[in-house]
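> give me a model of this one.
(4 chains)
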2 protein chains.
Amino acid sequence: MTSVSGSGERILAILDLFTEARPEWTPEDMMAELGYSRPTLYRYLKTLKDSGYLASLPQAGFTLGPRVTELDFLMTRADPMIRAGQPELEALAARFPGSAFLVRWYGRKLLCVASVVSSDTPKSSYPRGRPMPLGRGAASRAIVAFLPARERRKLVSEYLAQFAGAGVGTTVVDVMDALRAVRRNGIAAARGEVTPGVVAVAGPVLAGEQSPHGALCLTSDAADVTNDARLAEIGAAVRDASRRVSAALGGWDETALSPRTANDIHADRVTAPRMPEHGGTR
Amino acid sequence: MTSVSGSGERILAILDLFTEARPEWTPEDMMAELGYSRPTLYRYLKTLKDSGYLASLPQAGFTLGPRVTELDFLMTRADPMIRAGQPELEALAARFPGSAFLVRWYGRKLLCVASVVSSDTPKSSYPRGRPMPLGRGAASRAIVAFLPARERRKLVSEYLAQFAGAGVGTTVVDVMDALRAVRRNGIAAARGEVTPGVVAVAGPVLAGEQSPHGALCLTSDAADVTNDARLAEIGAAVRDASRRVSAALGGWDETALSPRTANDIHADRVTAPRMPEHGGTR
DNA sequence: AAAACAATCTCAATAGTTGGGATTTTTGCC
DNA sequence: GGCAAAAATCCCAACTATTGAGATTGTTTT
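Numbering: from 1, shown residues only, chains lettered A, B, ... in the order given. Next up, the predicted model:
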């Protein structure tokens, strides 16, 4: 868990320096920040520059280089989740005005990796590539709800403030209850948690791994979702889509979930309008 | 030149395995291809997976992971060339229907890093992130023409077939002459070299380094460029834009170019319609 | 339940990495 | 154009971190 293949990690650590807030670094600052010796740092920088991960402007320090763009292109075309999800996004966006997107879960980050916008005035504001906040919004809950119990609990207590801020509950127990409901429903819904005036519905994307692979999310203008029936309609569509994507990734077969959970998911519908057909909400 | 910080390079070599043709790799195949021992490979893979550069699907091997998308996002927002060039692209695309894009030059690759499309039926087909072929097209020539003489010559002989295929000439001398003209004009033009029915004009982006940083390129439907005057108009616009981008990057000051070259660039116009004002095309 | 396969662990040998300081190259300045 | 300052690279001995064979654990498959 701590560190393996230290040298490689020390090189990758250089890439971690670059953030939205600080996208440019001088060797001097890197040395100060990372504590590498001068020759070592320059060796690393040469490696990264020669392969295009970094680029240096004459007297402006280093920035990320074009190789990351190339890799992103490859990733986008090859990623099974995007391949399976893109058509679903398009179908959803065509049916419900707003924006549909795929979120990837990795290392405690949520990242939008694909999106389709069908509204001319999209209110949602997370572009592809920017990490989303953990704890707020339907996508967060759709993912966290399906984490292994141990990790879920840890995350909830760690990010309790964020969950609370989203109005999910004020205590760990509250939030865990809410997440259980998400697990039961197969989707999470949120009203204006990330962006005011936006209703979001998200379902998990499972791939047969311990943790969910990500989520599929649909955001609509709140003005378009006036009654519960409409929300239920959206919810059903999102849940079905997220299930199909999961199935394509080899997740969501009964064995991947505990039997009880698997049943529950199939059993219920969106939170608000509970449909009686399968025998109540438990 | 050969290898520095071997361990880091061995890790990065893993990322190099992933291509459009082969976007999925199993550990077994990686071992065969790279010759790493089992524990070593798995150590590397763990490092790359933990940091999100790779992702593994249950029984489908590894693919590139979401971290590259995140880095690409950062790169796109921070890259000085894109920052300086984006407005130029938009202005060009608004003025001339077609598509305007920025190409980055790195490690013998041409990569589209930003593009603006203004035609509803764009004929050009290079999306952001996919490498472009070296030797064909206006962008290639705009860049190669401004390489240091030594490297330019080497490249031309190495890629002679490509240049010849583009109709630039059949011998190294021919091509070098053509490139000299590009240097003189400050732009390169091509008719249907990469995509049939498309006229492309490109200018170099210089940043005060040895090699050009990239190129700015505008492609139009050939039907829209019927006479030489129109081509000259486009050429002038592209040249001006590429100069402004270069200037923003600290390139294109007189000292960065040999005096003669610098003069020539300012002196002439597009190849086809030679303007007599400065004394012929020579 | 057993077999086949995949991933991880242990640990000693040693190959590869590191950093102080000198050196070269580049940049800024007059 | 030449000089001083800064930036990048080189050199090489010390030593630590990396490596890989083989054993072990964990995970599917039959």
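> all strands in chain A, in order from the N-terminus.
Here chain A has its strands, by DSSP state E, at A:54-57, A:61-64, A:99-106, A:109-117, A:131-132, A:188-191, A:198-205, A:214-221.
> dump these into JSON lines; add mean neighbour count and mean pLDDT as well.
Where C-beta positions appear, they are placed from N, C-alpha and C, glycine not excepted. Output for these, formatted as JSON lines (neighbours: other C-beta atoms under 10 Å in any protein chain shown; pLDDT from 0 to 100):
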{"stretch": "strand A:54-57", "mean neighbour count": "22", "mean pLDDT": "88"}
{"stretch": "strand A:61-64", "mean neighbour count": "21", "mean pLDDT": "92"}
{"stretch": "strand A:99-106", "mean neighbour count": "27", "mean pLDDT": "94"}
{"stretch": "strand A:109-117", "mean neighbour count": "21", "mean pLDDT": "93"}
{"stretch": "strand A:131-132", "mean neighbour count": "19", "mean pLDDT": "91"}
{"stretch": "strand A:188-191", "mean neighbour count": "23", "mean pLDDT": "93"}
{"stretch": "strand A:198-205", "mean neighbour count": "29", "mean pLDDT": "94"}
{"stretch": "strand A:214-221", "mean neighbour count": "28", "mean pLDDT": "94"}
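> want to throw those strands into CSV with distance to DNA strand C?
Output for these, formatted as CSV (distance: least, C-beta to the nearest atom of the strand, whole Å):
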stretch, distance to DNA strand C
strand A:54-57, 9
strand A:61-64, 12
strand A:99-106, 16
strand A:109-117, 20
strand A:131-132, 25
strand A:188-191, 30
strand A:198-205, 20
strand A:214-221, 20
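> just tell me which of the ones you listed ends up closest to DNA strand D.
DNA strand D lies closest to strand A:54-57 among the strands of chain A, at 6.6 Å (C-beta to the nearest atom of the strand).
> just how off-centre is that closest one within its chain?
Computed by C-alpha atoms, centre = their mean, to the nearest Å, the separation of strand A:54-57 from the middle of its chain amounts to 30 Å.
> just checking, what packs against the biggest helix by length in chain A?
When chain A is parsed with DSSP state H, its longest helix is helix A:228-248. Packing partners of helix A:228-248 (3 or more C-beta pairs under 8 Å, 6 or more residues apart in numbering or on different chains; DSSP states H and E): helix A:80-95, strand A:198-205, strand A:214-221.
> from residue B:221, how far off is the nearest residue to residue A:86 once chain neighbours are set aside?
Nearest residue to residue A:86, sequence neighbours excluded (C-beta to C-beta, 6 or more residues apart in numbering or on different chains): residue A:114, at 6.0 Å. Taking C-beta to C-beta, to the nearest Å as the measure, residue A:114 and residue B:221 are separated by 30 Å.
> what does residue A:9 give?
50 Å.
> avg pLDDT for stretch A:223-241?
Stretch A:223-241 comes out with an average pLDDT of 92.
> buried sites along that stretch?
Using 16 or more other C-beta atoms under 10 Å in any protein chain shown as the test for burial, stretch A:223-241 gives A:225, A:231-239, A:241.
> residue numbers of the stretch 51-200 of chain A in contact with DNA strand D?
Contacts of the stretch 51-200 of chain A with DNA strand D, taken as C-beta under 7 Å from any atom of the strand, map to residue A:56.
> any stretches of the stretch 51-200 of chain A with poor pLDDT?
Low-confidence segments of the stretch 51-200 of chain A (pLDDT under 70): A:59, A:122, A:124-125.
> pLDDT value on the residue located most distally from the centre of chain A, please?
The C-alpha centroid of chain A is most remote from residue A:39, which lies 38.6 Å away (C-alpha atoms, centre = their mean). Note on residue A:39: pLDDT of 93.
> over to residue A:9?
Here the pLDDT value assigned to residue A:9 is 89.
> related to what we said a few turns ago, tell me the one among the buried residues of stretch A:223-241 nearest to residue A:191.
Distances from residue A:191 to those, taken as C-beta to C-beta, are shortest for residue A:225 (8.6 Å).
> which residues touch the closest residue to residue A:155 other than its chain neighbours?
In space, residue A:155 comes closest to residue A:144 once its chain neighbours are excluded; the distance is 5.9 Å by C-beta to C-beta, 6+ apart. Counting by C-beta atoms under 8 Å, 6 or more residues apart in numbering or on different chains, residue A:144 makes contact with A:134-135, A:152, A:155-156, A:179.
> change it to 10 Å
Residues counted as contacts of residue A:144 (C-beta atoms under 10 Å, 6 or more residues apart in numbering or on different chains) are A:105, A:110, A:134-135, A:151-152, A:155-156, A:159, A:163, A:175-176, A:179, A:182, A:188, A:204, A:211-212, A:215.
> sort out for me which of those residues are in helices.
A:151-152, A:155-156, A:163, A:175-176, A:179, A:182.
> just the buried members of those?
The buried subset of the ones in helices among the contacts of residue A:144 - by 16+ other C-beta under 10 Å - is A:152, A:155-156, A:163, A:175-176, A:179, A:182.
> please identify which of the residues you listed is nearest to chain B.
residue A:155 (17.2 Å; C-beta to the nearest C-beta).
> what residues are up against the closest one?
A:108, A:134-135, A:140, A:143-144, A:147, A:162-163, A:175, A:179.
> what's the closest of those residues to DNA strand D?
Checking the contacts of residue A:155 against DNA strand D with C-beta to the nearest atom of the strand, the nearest one is residue A:147 at 16.1 Å.
> returning to what we had before: identify the farthest-apart pair in the buried ones among the ones in helices among the contacts of residue A:144.
A:155 and A:182 (13.7 Å).
> identify the contacts common to those two.
Taking C-beta under 10 Å, 6+ apart as the criterion, residue A:155 and residue A:182 both touch A:143-144.
> my read: residue A:240 touches residue A:218, true?
No - contact criterion C-beta atoms under 10 Å: residue A:240 and residue A:218 do not qualify, at 11.6 Å.
> please enumerate the shared neighbours of the two.
By C-beta under 10 Å, 6+ apart, residue A:240 and residue A:218 have these common neighbours: A:88, A:92, A:187, A:203.
> most neighbours among those residues, which one?
Greatest neighbour count in the shared contacts of residue A:240 and residue A:218, by other C-beta atoms under 10 Å in any protein chain shown, goes to residue A:187: 34 neighbours.
> now do the contacts for it.
By C-beta under 10 Å, 6+ apart, the residues touching residue A:187 are A:138, A:141-142, A:145, A:201-204, A:215-218, A:234-243, A:265, A:268-271.
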